Structures are given as C-alpha cells and as structure tokens.
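> Generate coordinates for the sequence data below:
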Amino acid sequence: MCDEFVLDNGVRVIAEYIPHFPSVSVGLWIGAGSMYETEEENGLSHFVEHMLFKSTNRRTTREIAVEMDAIGGQVNAFTAKECTCYYAKVIAEHLERAMDLLTDLLLGARLEEEEFEKERGVILEEIAMCEDTPEDLVYDLLAQAYFGDHSLSRPILGTHEQIASVTRQALIDFRRKHYRPDNTVLAVAGQYDLQALKAMAQRYLGSWKADGKPHDPTPGTTCEARMLTRQKDIEQVHMCLAYPGVAQDDEDLYPMSVMNNLLGGGMSSRLFQRIREEMGAAYSVYSYPSTYTHCGTLTIYAGTSPETAQQVADELHAQIRLLVNKGITDEEFAMAKEQLKVSYVLGLESSSSRMSSIGRSKLLRGKAIDPDDVVEKIEAVTKADVERVIQRTFSGPCAASAVGRQVDSLRLLPDQQG
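Numbers count the residues shown, from 1 in each chain. As a prediction, the model looks like this:
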C-alpha cells in the first residue's frame, strides 16, 4: 500500500514504505519526452535533462558533482519517450540531502548561455555515438518506419541538424511549458517517515508555481507497413521487425508479455533456440514489447552476417507463421508464464525499481499498480489469452528496418516473403 498526497500547487507525491530496505530511492518524474515534442522541439526534453546538471542558483557545476559523490549511492537522470526522471538512491539517513539536491536541479538550474553551448557539443557527440552504434541506429529507423510522422517516430536525442541550430530561448520556453508542478510526480520507495516526507515535499516543492498551459501529446497512430534501411560498411547486418503491441492499460498487457517470453524473451525462447542454437546464424536474437499511453509495439531484433541476413529474416517470419498457425504448447506456455512472474517479483527487490514502478505509473496512468495485483493478473493469464494475442498482434501490419552492408536488397516485410 502506498502513501499518496498532493501539494497545493498540484505536485503529486507517492511513496511506498519498505522497512527491510536500508536504502531509499527518490525520483522526480516529469511529463516531458520526445512524444511531447513538436518537430521543431525534437531533442529538447533530453537537452533540458542535461542542462539541469549544470550550475544552479545555489551550486556550481563542480559543487553539484562533489555533492552527488558526497551523498554516495546513485544520482542520475534519463529521458524517455513519455517522461523525464531525475533520481537518487541513497541510504535512508540521506533522503533529505538527496531531496535538496534533486529539487535544486529541478527548480534552480540557471541554463546559462556558456553552459548551453558546451552541452550542445556534448549532445552532438552523443548523437554521433548513436550513429556509430548500429543497434541503436536500427531502432531509430524502426521507429520512423513504424510511426511515420507521429512524434513517437522521433529520436529522443534529436537530430544533429535540430540540436546544432536550436536556441537557448527555445530550451527555456520548452522547460517552462512542460516543467510544471501539475505535470510532476515525486516518488519515494524505501525507508522514510511519512510526516517528515510531507514536510520535505512542502519545503522543497511547495512554493513552485507554474506558468503557461499544459500540453497533451497526440494519441499514437497505427503502424505504417514500410521498411527503412541504412547502408553501413560494418561486419554485421542489424535488422528489426515491429508489429502493433498494446497500450499500458490494455487488458492484453500480460498475455502479450507471456507471448513475448516464449517467442524471443529468453534463452529458451523459440527465436533463440531456432536461430542461434539450431541454425548458428546469429549471436543476438530477441523480442520485446514497448508500451505507451495510447499504443504499443512488439519488436523483434537479430544481428547476423550479410551472407546469412536473408536466411535469418526468412526464419523470423517462418517462426511467426508457425506461432500463428500452430499455436503454443502447454509446456512452453507454463514456462513463459512462470518466467514472467518470477522476473517481475525479483525486480521488486530494490528500492530503485519500486520507486520507478510507482513513479512512472502515477505519472502516466494516474495510479500506482499494486504488485500483488500484477502477480494475480499474470497468474490469471490463460493459454487461450496468449493465442488470442498472437492472432491480434500478427494480423496487423509490420514495419522493418536494417543497418549494414547490402541491406537495400533484403526482403524483411511479410508480403516480400516467398
């Protein structure tokens, strides 16, 4: 059971007391990510995240780094498609120090011109690094192929052209629009005193005022059945397929997760056993679901040599057809379901994972998900549920992407299969 309250300015606070954890994790979750960006704003959520670790009204850039090390534990941030999170994991006695530091970054960042230009260079290098990492690049191409013109198609980092030309004022305006108390969740998990937490939340966040109007993203669009490729003179071909998945609140979320586990979610999965173990045609092959507020995807990835790339692509589709036409066995269903349950339960064994679960869920779904409810829903999944999700998923359109040598001649879409 979580403690929940709302500050007068609209900041939502959610906390889970876990007395047997010696640590406590705290996160500030902001409804800002690439899904919320216009084409002209692409990359600004990530740029703001970088800039908040520069000087504030109370701390220099060096003092921020020194204090992060002095707290011990972990202090960091990340930007995703639908949110940005600033978080710390510390021993329980350092909770207030972590709160003080994180809220100073959030509310006191100066966004100075000199630091802005320095960080522009850092992000341009990060984008270049992604371009040199084919497994990252193939995912960016897949998003473009699948989502077309929708904001979910755009890279979280932004493009080189956009970041090279963006102005500091655009960054300030974007931050003002999205960094608002009514668009923020403070999440805490581990050891804390509730009354002390309420006082800290009020002290550090209670005076925060918003201006401007909140911005809601456009609902996700359906899949565009197309393929995008990038020629690169590298040793492997990296290929991806994407099919329509499920949204975060879809009733088929858990059947989809079970289906993913048996298809490509682990070493015993069909794709791993067939393509790596039996054929010896790939070192890395797997699948995973992604869920968003209004939509989701199921992605399948394989990395192989240019000489075996078409053979692997054909086998990916052959395994999908086998799944659709023949269904699943009782044994693999039971194994995949148990694997999902155990993986979820083991993931609860840290304050940071619990903070992430309740913080993200509160921000994006408006409520925290009870772990016992999740386990019950996993246990309630039937073989018929999974087979229904198989039909639902693979009757939809498919998008594809590939990076490497000779990829323009690859046949990756279902209607290109013999």
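> Let me see the domain layout of this protein.
3-205, 227-416 (automatic domain parsing).
> any idea of the mean pLDDT in the last one?
Averaged across domain 227-416, the pLDDT comes to 95.
> Reformat the domains of the chain into JSON lines and put mean neighbour count and distance to Asp211 next to each item.
To be clear about C-beta, it is placed using only N, CA and C from the backbone, and glycine gets the same treatment. Below are these laid out as JSON lines (neighbours: other C-beta atoms under 10 Å; distance: least, C-beta to C-beta, whole Å):
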{"stretch": "domain 3-205", "mean neighbour count": "19", "distance to Asp211": "6"}
{"stretch": "domain 227-416", "mean neighbour count": "19", "distance to Asp211": "21"}
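> The helix or strand that Asn76 is a member of - which strands sit beside it in the sheet, and in what orientation?
In the assignment (DSSP states H and E), Asn76 maps to strand 74-79. Paired neighbours of strand 74-79 in the sheet (DSSP bridges): strand 84-91 (antiparallel).
> quick one: contacts of the partner strand?
Strand 84-91 is contacted from outside by 22-30, 32-33, 45-46, 48-49, 52, 71-78, 97-98, 101-102, 105-106, 351-352, 355-356, 359-360, using C-beta atoms under 8 Å, 6 or more residues apart in numbering.
> what's in contact with whichever helix or strand comes after that strand?
Helices and strands here follow DSSP H and E; after strand 84-91, the next one along the chain is helix 95-108. Helix 95-108 has contacts (C-beta under 8 Å, 6+ apart) with 24, 26, 28, 52-53, 56-59, 64, 67-68, 71, 73, 75, 86-88, 90, 179, 188, 192, 196-197, 200-201, 204-205, 208.
> and the angle for helix 95-108 with strand 74-79?
Angle between the axes of helix 95-108 and strand 74-79 is 40 degrees (criterion: axes from the mean of the first three to the mean of the last three C-alpha atoms, to 10 degrees).
> Show the average pLDDT along helix 95-108.
96.
> May I have it exported as PDB, CA atoms only?
This file holds the C-alpha atoms of helix 95-108, laid out as PDB (Å, rounded to 0.1, in the frame of the first residue of the first chain):
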ATOM      1  CA  LEU A  95      16.900  11.200   2.000                       C
ATOM      2  CA  GLU A  96      16.700  14.900   2.700                       C
ATOM      3  CA  ARG A  97      20.100  15.700   1.200                       C
ATOM      4  CA  ALA A  98      19.000  13.900  -1.900                       C
ATOM      5  CA  MET A  99      15.700  15.800  -2.000                       C
ATOM      6  CA  ASP A 100      17.500  19.100  -1.600                       C
ATOM      7  CA  LEU A 101      19.900  18.300  -4.400                       C
ATOM      8  CA  LEU A 102      17.300  17.000  -6.900                       C
ATOM      9  CA  THR A 103      14.900  19.800  -6.300                       C
ATOM     10  CA  ASP A 104      17.700  22.400  -6.600                       C
ATOM     11  CA  LEU A 105      18.500  20.900 -10.000                       C
ATOM     12  CA  LEU A 106      14.800  21.000 -11.000                       C
ATOM     13  CA  LEU A 107      13.900  24.500  -9.800                       C
ATOM     14  CA  GLY A 108      17.200  26.300  -9.600                       C
END
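> Next secondary structure after it?
helix 113-131.
> give me phi/psi at Gly265?
Backbone torsions for Gly265, taken as degrees, to the nearest 10, come to phi -90, psi 0.
> tell me the contacts of it?
286-288, 336, 339.
> quick check: angle from the helix or strand Lys177 falls within to strand 84-91?
Lys177 belongs to helix 168-178 when assigned by DSSP H and E. Orientation check (the same axes, to 10 degrees): helix 168-178 against strand 84-91 gives 70 degrees.
> So that it lines up with my notes, have the first residue be 516 from now on.
In the new numbering, first residue 516, that becomes helix 683-693.
> From the chain's centroid, how far away is helix 683-693?
Between the centre of helix 683-693 and the centre of its chain there are 23 Å (C-alpha atoms, centre = their mean, to the nearest Å).
> With just CA atoms, put the helix or strand following it into PDB.
As assigned by DSSP H and E, the chain's next helix or strand after helix 683-693 is strand 699-705. What follows is strand 699-705, C-alpha atoms only, in PDB (Å, rounded to 0.1, in the frame of the first residue of the first chain):
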ATOM      1  CA  THR A 699       5.300  16.300 -11.900                       C
ATOM      2  CA  VAL A 700       5.300  13.300  -9.600                       C
ATOM      3  CA  LEU A 701       7.600  12.900  -6.600                       C
ATOM      4  CA  ALA A 702       8.100   9.200  -5.900                       C
ATOM      5  CA  VAL A 703       9.800   7.600  -2.900                       C
ATOM      6  CA  ALA A 704      10.400   4.000  -2.000                       C
ATOM      7  CA  GLY A 705      12.300   2.500   0.900                       C
END
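> Report all helices and strands that the one helix or strand Ile579 maps to contacts.
Assigned by DSSP H and E, Ile579 belongs to helix 576-586. Judged by 3 or more C-beta pairs under 8 Å, 6 or more residues apart in numbering; DSSP states H and E, helix 576-586 is in contact with helix 610-623.
> which non-adjacent residue is nearest the most centrally placed residue in the chain?
For the chain, Ala595 is the residue whose C-alpha lies nearest the centre (C-alpha atoms, centre = their mean; 5.0 Å). Nearest residue to Ala595, sequence neighbours excluded (C-beta to C-beta, 6 or more residues apart in numbering): Gly548, at 5.2 Å.
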